[in-house]
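Undergrad: My questions concern the predicted model and sequence given below.
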Amino acid sequence: MTKHKRVREAALEILETIEREQAYSNLLLNNTIEKNEFSPVDAALLTEITYGTLQKQMTIDFYLAPFLKKQKKLENWVRQLLRLSVYQMAFLTKIPERAIFHEAVEIAKKRGHKGISSLVNGVLRSIQRSGFPSFNTIKDANERLAIETSHPQWLVNRWVKQFGFERTKAMCIENLEAPQQTARINEWLTSKDEVMAMLAAEGFAVEASDSIPNAIKSVKGNLVKSNVFKKGFITIQDESSMLVGFALAPKEGEKILDACAAPGGKTTHIGEKMKNTGEIIALDLHEHKIKLIRENATRLKLTNIKAEKMDSKLVDTHFPKESFDKILVDAPCSGLGVVKRKPDIKYSKREADIERLANIQLELLSHAADLVKKGGILVYSTCTVDRHENAGVAKKFLDSHPEFFADDTLVERMPVSIRSFVSGNQVEILPQDLKSDGFFIACFRKKV
Ligand SMILES: C[S@@+](CC[C@H](N)C(=O)[O-])C[C@H]1O[C@@H](n2cnc3c(N)ncnc32)[C@H](O)[C@@H]1O
């Protein structure tokens, strides 16, 4: 069996599993690469085909529709096989079409029967003869944007209402880009210059971040594989997530609560900013996730983090009132800012999830509120792009908690390149703004 066929069979299996079990694409992909011991070249092709097919699923289905009109019911694996073949035809122009057809037909024969392999062959050859249908046939602008950029119509309609058509379009286009790998320097152990020199010596190509001090981006190579990472000098983190550390601006010796902490990306940032002093209580609902916080803290040589399993809706029954200088609620959210990284999110989320998650976020903030010291701050953040969560929750929190006010000094704590995205006590980053994840932060201060 050729290597490339193994790659496509593996891609097919991953796509089927994601659809069947709503599993996470990144975890499945990493497991498959490890299990099959794929070479870096095959791993790259598998990633490209799997993510590409998922990212462009609605566009591909639009391309396929005229050629499947006569099919009563397609088995799921056959649809996925057609999708990944069409993805290669439309978007991976370096792969010869005869190779795409041959491998699709071979997989169809192996998995199904002769009838299915002729169907797959027939559909792909018809597409080759007739070409893909044009988007111009779609008259409604939102619907065309949804199909062209493969975002559900409800989401495009919602974003257009919240951000206008042009910003939504830029966001949908940006969401189709490959995510950048960025990393934060462990500033209490080393410096950006030292890290860049060490990584160069290991053969990695990196550049300083354009927007965040003490951050770098990978140009070539997966930084997780570096000794610099293993030794705890860097943490892989999206640039917009790093802004939470700036918003909190923890000082040495402070006592901080991180109410939704796993896997500890932001907890450890706080720990580093405090130069391993003070105390950070890091909570999460799930025991297996607490382990991740501890592992990260250990790798980064931080001993100021205490990770515990707890439902943060109960924090006010566990800790004394006004016992923390600062509290972070990096809340569970709809995740619509990380579609670039996890394309399955855009198909699995429903509008009802947004309402439910906004309620949970408000509840978590309300339970944490009593624990903030007078004059202390409460930071609320999400990796989503939605104003019913985010600004909507921030408003409801302030409306129902007169002991807090909107902390407009947030802008002073943000890196200079981010200040134009700050409005009052909030910062809203859309994916196209920094080529990062979409992100939201609001900062509330307790009256003295
Ligand atoms: C956005 S993630 C946190 C990411 C983390 N702050 C970081 O930077 O690595 C939200 C986390 O909240 C946790 N969570 C959800 N509901 C919770 C609750 N009621 N109490 C504590 N943790 C909760 C989830 O398990 C998840 O790990």
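TA: Good, I have the coordinates.
Undergrad: Find the nearest non-adjacent residue to Asp238, please.
TA: Distance criterion C-beta to C-beta, 6 or more residues apart in numbering; nearest residue to Asp238, sequence neighbours excluded, is Asp437 at 4.5 Å. Placement of C-beta: from N, CA and C, glycine included.
Undergrad: Tell me who's in contact with the one you found.
TA: The contact partners of Asp437, by C-beta atoms under 8 Å, 6 or more residues apart in numbering, come to 179, 238, 240-241, 337-338, 340-341, 383, 429, 431.
Undergrad: Which members of those residues are positioned in helices?
TA: Mapping the contacts of Asp437 onto helices (DSSP state H) picks out 240-241, 431.
Undergrad: Up against the ligand, what does the stretch 201-350 of the chain have?
TA: Neighbours of the ligand within the stretch 201-350 of the chain, by C-beta under 6 Å from any ligand atom: 260-266, 283-286, 289, 311-313, 330, 332.
Undergrad: For these, which PyMOL command selects only the ones that are buried?
TA: Those of those that count as buried under 16 or more other C-beta atoms under 10 Å are selected in PyMOL with:
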select buried, resi 260+261+262+263+264+265+266+283+284+289+312+330
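Undergrad: would you list the ones in helices among the contacts of Asp437 in a markdown table and tack on pLDDT and neighbour count?
TA: Output for those, formatted as a markdown table (pLDDT from 0 to 100; neighbours: other C-beta atoms under 10 Å):
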| residue | pLDDT | neighbour count |
| --- | --- | --- |
| Ser240 | 98 | 29 |
| Ser241 | 98 | 24 |
| Pro431 | 98 | 26 |
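Undergrad: can you map out the strands along the stretch 151-300 of the chain?
TA: For the stretch 151-300 of the chain, the strands defined by DSSP state E, counting those that start in this stretch cover 182-185, 205-208, 215-220, 234-236, 255-258, 279-284.
Undergrad: quick one, which of those is packed in tightest?
TA: Highest mean neighbour count of the strands of the stretch 151-300 of the chain: strand 182-185, a mean of 26 (counted as mean count of other C-beta atoms under 10 Å).
Undergrad: Which neighbours in the sheet does that strand have, and how are they oriented?
TA: If you go by DSSP bridges, strand 182-185 pairs up with strand 215-220 (antiparallel), strand 234-236 (antiparallel).
Undergrad: now the last one, how far from the centre of its chain.
TA: What it means is strand 234-236. 16 Å (C-alpha atoms, centre = their mean, to the nearest Å).
Undergrad: go on, the longest one?
TA: Once both centres are worked out by C-alpha atoms, centre = their mean, strand 215-220 turns out to sit 17 Å from its chain's centre.
Undergrad: Let me see the residues that make contact with it.
TA: Here strand 215-220 makes contact (C-beta under 8 Å, 6+ apart) with 180-185, 192, 195-196, 199, 204-209, 234, 237, 239, 242.
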